[in-house]
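Asks: Sharing a sequence plus its predicted fold:
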Amino acid sequence: MASRPANLIGSILLLIFLLLALFGPMLAPWSYETIIRGTDIGLESRAAMRGEPPSSQFWFGTDQRGRDIYSRVLWGARQTLGLPLIATGISVVIGSIIGMLIGYAGGTLDEIVSRILDSLLSIPALILALVSISTIVPLMSDDPGPVIEALGPRNISLTLVIVIVYVPIIARVVRSSTLSVRHRGYIDQAKLRGESQSYILFRELLPNILPTLVVEASLRLSYAIILVTSLGFLGLGVQPPVAEWGRMVLDARSRVLDEPWELWIPVTAIALLIISVNLVSDGLRRLLRREDDR
Amino acid sequence: MNEQHVSPAVPPVLQAHNISVEYRIGRNWRNVIKNVDLVIEAKSIHGLVGESGSGKSTLGLAILQALPRNGRIARGELRFEGRDMRQIDESALRELRGQQITFVPQNPMDSLNPSIRISDQMIEAALLHDLMDSEAAGAHALRWLERVHIADPKAVADSYPHQLSGGMLQRVLIAMALMHRPSLVILDEPTTALDVTTQATILDLLRELIRGQGAAALYISHDLGAVAELCDDVSVMYAGELMESGAVDELFARPRHPYTRGLLACLPGKAGNRRLRNIEEVAPALQQRSLACVFADRCPHASQRCRDRKPVLESAFGTIPDGVHLVRCWHWKEIDAEDDDDVVPETEDERNVPEPPADETLFSARGLEKSFGDPARISLTGKKMHQAVRAVDNVSIGIPRGKTLGIVGESGSGKTTLARTIVALERADAGEMELEGLALSSRLNRRYQQVLRGIMMIFQNPGDALNPHHSAGQSIGRTFRKLGDPPPPRGPRGREELRRRVTEMLEAVGLSAEYYHRYPDQLSGGEKQRVAIARAFAGEPKLIIADEPTSSLDVSVQAVILNLLKDLREKQQVSYAVISHDLEVIEYLADHISVMYLGEVVESGSNQEIGSPPYHPYTQALLAAAPRVEPGRRSKPIRLEGDIPSPRNKPSGCPFHTRCPMYIGRICREERPPLRRSAEGHEIRCHHTRDDLLMWQGGDQ
């Protein structure tokens, strides 16, 4: 992956973000909802520490409620990166199975499923998210079972939205690369050996479309992150006081002139994350293409 | 200069002396052509032959000064009509190119702009160089289309490239290359992408026009036969160096360099029933080229001296008066003194192998048919919008046990579809197939394992036949698991046994055990084909269908593979159906031959019967079209005009009537010809009687 320094930097950054998503809360000095008062840090005053600028005590300063921004960024990594990661993962699995199946089978099945996928493609992600949050989320919240309770209705509906929007995209990409592999001699040879469909799909076909799939998946991940943070910024994502970077930007928006750090820190975090995912995606593409050319 | 070339009255058109070309790979400049000398005399056609990677195309580009960005001429002298090409500036070079030096590329489809009419592309050069106004240029272009024997020049001039066939496009490109009276035409494999019969007419055309124009030409090709027929002089390149050069008749009659001798011995057409002599198959990689003799590693005569010092290009006295014959070898005199045949390994005579018991039929097919409709093009009302393509039309074949059936035909003749139908990769529309007397289903998933094991297939493109993500051992091993008899047991002992069997199989095709873990990208083309062959044999099949097993390989590698196929046939007692467009390959391997045209078998019989009259007129044309290295043999009367018709609208009656030199009118056009059978079983499907055919054709023997 270290084919170019930029790709290396991207990979290191993404690794850091992944570690943050896993271990961030353990590293955070405060909880995401703690409102810090003077007495907490050995001062006389019982007043909340609102709008403190970055200092050795509060590395990224505090927000207008007196919460430690550094801690909130650490907690937020899990929300901001975790949900897109899981949702993209589910989409990749479903999408690639559908894509391989219709690409390999061809004929009427391919025609029908492809048209359905095409019509799904016309749904804009943001609109679907708005609709699902305004309709499904209240439904689920009415009578939450233990599973919904544990995962959170908003997380579930966001994941669903991403899966619905991404499955057709991934399926199409996988289908087209399946089509280019399907008539290769080694596939015919496998048929002549009397191999089962699943062997042909997963052992003969899949390794050859994996490069395309991996690149597409990483690209999808970056779009999913943008979607989740955008919804957070619109106030439709996870609800406060849970920390999420998009939501943090929304909350800091009105005080950008007085307390600019409150806005710039989550914005920078989002930008760095997207850039690192894209750099990794680009690096993978180069790496895998080179392997194919060999 | 080293040798004083016998100087004719006219100075040579092109003199290249000591040319070296380098390509930048990563940060280093690598030598791809080293100290090559090339002299093209006025009004002569100079052939440049060599296998892929020998640098022959690069040399062509270097002469044109059109090397890619990462290439450069490092050293040497390049003179075109006395002018130093290396000192010429860009604008003067542009004047030369396209006017005095022209180029005919390998792939005509890529070389014309698909969105510009033929006429406009043809007059481009004239307008660019201010040779004539557009009206005159247009008329000139039409005249030239006529000269390249295009039947309807006006229509062709008005059409776009995709509307024309490959042969037509190549004619257009030849017209473009010659229309401004160039001094030198460089042709880079101009017929490689074409069918044999088309190639023959293009070679005729080149000979006629280049000579007629008094131009000189450099003809780059891997096809020794084509070079032998067309060229006056020939240079042989290997690994970026010139090995031998001289007059064609002289050089092919008495090749001096071991590499040239090896190449010529590789040609299946010359071998008759002998085993092909082969050169070791792998040419050295760019980084590993020896500083001494580059051919030493593959040379049967190599000595210590060859590995220490680079041989000089020295003159071998030609048998033709005034002929120049240069050879780069330390030992050519000794080699020349030996008789060629002494070098052939002792396994030479294959005739002594015990004949398999009588002609028991192993596989037979009767009335096979396969059409392709285009399901995506069925309109909403369910009506088919296009005529179905009848790729295989009522074909019957039989293959005796232990024998080889050769199926020959040009592209579009349906031979590959026939193969795929036999192995049930395509489902036959009609017809019956039998293996050892048992009826075969035409659907793959209804075939018993016993049948799957019995028939295996080798594909044309070895690069495509192996999964890039499976190692050679995995590919072969998987076949043992699925089709092995008995399959290796599960568990560690089974794995060990499997490994042993795979290794044995690898050794049987001449690959060492190390190849077990190699992936396809670590194998050369010939090695891939060996692995594919090993895999085909793993199930101990009774019949192997080989679809163009050598067409994507170099001649020397082809010889290795053909020998291997022949050896395995004896050892494993299998039958082959070998499919090829190359009659020499078929003649070399096959006992029986079927000739296909537009999905039908037009002639079938034993190897001998196909090779001598009476033939079907199409067979006769095929035989005449195949270029061969036979010094002195030049004139060949039979040429097919036009291209093979599209199987979509197959001609009525006899499918060959549109191109047949013996067409006799209504009956050919309207009635399906009868099958005329000799007592020995030789069949010809033609309206002419066997005696008639014999009378017509007897003369050209």
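Replies: Nice, thanks for sending it over. Numbers count the residues shown, from 1 in each chain, chains lettered A, B, ... in the order given.
Asks: can you give me the helices for the stretch 401-550 of chain B?
Replies: Applying DSSP state H, counting those that start in this stretch to the stretch 401-550 of chain B gives helices spanning B:415-422, B:449-454, B:462-465, B:472-483, B:491-508, B:525-538.
Asks: and the fourth one, how far out from the chain's middle?
Replies: Here the centre of helix B:472-483 is set off from its chain's centre by 31 Å, with Cα atoms, centre = their mean, to the nearest Å.
Asks: now that helix: mean pLDDT?
Replies: The average pLDDT within helix B:472-483 is 92.
Asks: Also compute the angle for that helix relative to helix B:525-538, please.
Replies: Between helix B:472-483 and helix B:525-538, the angle comes out at 20 degrees (axes from the mean of the first three to the mean of the last three Cα atoms, to 10 degrees).
Asks: Show me where the stretch 251-400 of chain B has its strands.
Replies: In the stretch 251-400 of chain B, the segments counted as strands under DSSP state E, counting those that start in this stretch are B:313-315, B:325-328, B:361-372, B:389-400.
Asks: so can I have CSV of the ones you listed showing mean pLDDT and mean neighbour count?
Replies: For the C-beta atoms, the positions are set from N, CA and C on the backbone; glycine is no exception. Output for the strands of the stretch 251-400 of chain B, formatted as CSV (pLDDT from 0 to 100; neighbours: other Cβ atoms under 10 Å in any protein chain shown):
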stretch, mean pLDDT, mean neighbour count
strand B:313-315, 81, 16
strand B:325-328, 86, 24
strand B:361-372, 90, 18
strand B:389-400, 89, 21
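Asks: Show me the one of these that comes nearest chain A.
Replies: With Cβ to the nearest Cβ as the measure, strand B:361-372 is the member of the strands of the stretch 251-400 of chain B nearest chain A (13.8 Å).
Asks: Run through who's touching the closest one.
Replies: By Cβ atoms under 8 Å, 6 or more residues apart in numbering or on different chains, the list of residues contacting strand B:361-372 from outside reads B:388-402, B:414, B:417-418, B:421-422, B:426-436, B:455, B:542-543, B:575, B:577.
Asks: So what are the sheet partners of it and their directions?
Replies: Here the strand partners of strand B:361-372, with direction, are listed using DSSP bridges: strand B:389-400 (antiparallel), strand B:430-435 (antiparallel).
Asks: Dump those into CSV; add distance to residue A:219 as well.
Replies: Below are these laid out as CSV (distance: least, Cβ to Cβ, whole Å):
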stretch, distance to residue A:219
strand B:389-400, 40
strand B:430-435, 49
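Asks: Out of the helices of the stretch 401-550 of chain B, name the one with the poorest average pLDDT.
Replies: Among those, helix B:462-465 scores lowest, with a mean of 86.
Asks: what's the neighbour count on residue B:111?
Replies: Here the neighbour count serves as a burial measure; for residue B:111 (other Cβ atoms under 10 Å in any protein chain shown) it reads 17.
Asks: Excluding sequence neighbours, find me the nearest residue to it.
Replies: The spatially closest residue to residue B:111, leaving aside those adjacent along the chain, is residue B:105, at 4.6 Å (Cβ to Cβ, 6 or more residues apart in numbering or on different chains).
Asks: Quick check: the gap between the one you found and residue B:170.
Replies: Applying Cβ to Cβ, to the nearest Å, the value for residue B:105 to residue B:170 is 9 Å.
Asks: Return every residue with contacts to both of the two.
Replies: Listed contacts common to residue B:105 and residue B:170 are residue B:190; contacts here mean Cβ under 8 Å, 6+ apart.
Asks: okay, these two: which has more neighbours?
Replies: When residue B:105 is set against residue B:170 and neighbours are counted by other Cβ under 10 Å, the residue ahead is residue B:170, at 30 against 20.
Asks: That one: what's it in contact with?
Replies: Going by Cβ under 8 Å, 6+ apart, residue B:170 touches B:104, B:108, B:190-191, B:194, B:198, B:202.
Asks: likewise residue B:220?
Replies: Under the criterion of Cβ under 8 Å, 6+ apart, the neighbours of residue B:220 are B:47-49, B:56-57, B:59-60, B:186-189.
Asks: Spell out the secondary structure type for it.
Replies: Using DSSP: H, G, I helix; E, B strand; the rest coil, the structure places residue B:220 in strand.
Asks: Adding neighbour count, distance to chain A and secondary structure, write the contacts of residue B:170 out as CSV.
Replies: Conversion of those to CSV gives the following (neighbours: other Cβ atoms under 10 Å in any protein chain shown; distance: Cβ to the nearest Cβ, whole Å; DSSP: H, G, I helix; E, B strand; the rest coil):
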residue, neighbour count, distance to chain A, secondary structure
B:104, 24, 29, strand
B:108, 23, 25, helix
B:190, 27, 28, coil
B:191, 26, 26, coil
B:194, 21, 24, coil
B:198, 25, 26, helix
B:202, 23, 30, helix
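Asks: which two from those residues end up farthest apart in space?
Replies: Based on Cβ to Cβ, the longest span within the contacts of residue B:170 runs between B:104 and B:198 and measures 14.7 Å.
Asks: okay if I get the helices of the stretch 401-550 of chain B as TSV plus distance to chain A?
Replies: What follows is the helices of the stretch 401-550 of chain B, written out as TSV (distance: least, Cβ to the nearest Cβ, whole Å):
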stretch	distance to chain A
helix B:415-422	8
helix B:449-454	5
helix B:462-465	4
helix B:472-483	4
helix B:491-508	15
helix B:525-538	7
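Asks: what pLDDT does the residue of the stretch 51-200 of chain A found nearest chain B get?
Replies: Using Cβ to the nearest Cβ, the closest approach of the stretch 51-200 of chain A to chain B is made by residue A:185 at 3.6 Å. In the predicted model, residue A:185 carries a pLDDT score of 90.
Asks: Number of residues surrounding the residue lying closest to it once chain neighbours are set aside?
Replies: Spatially, and ignoring its direct neighbours in sequence, residue A:185 is nearest to residue B:465 (3.6 Å; Cβ to Cβ, 6+ apart). Applying the criterion other Cβ under 10 Å, we find 26 residues in the vicinity of residue B:465.
Asks: what's near enough to touch residue B:465?
Replies: Residue B:465 makes contact with A:184-186, A:189, B:458-459, B:528, B:532, according to Cβ under 8 Å, 6+ apart.
Asks: Among these, which pair sits farthest apart?
Replies: Greatest spatial distance in the contacts of residue B:465: A:184 and B:458, 14.7 Å, computed using Cβ to Cβ.
Asks: Among the two, which residue is more densely surrounded?
Replies: Set residue A:184 next to residue B:458 and count neighbours by other Cβ under 10 Å: residue B:458 wins out with 26 against 21.
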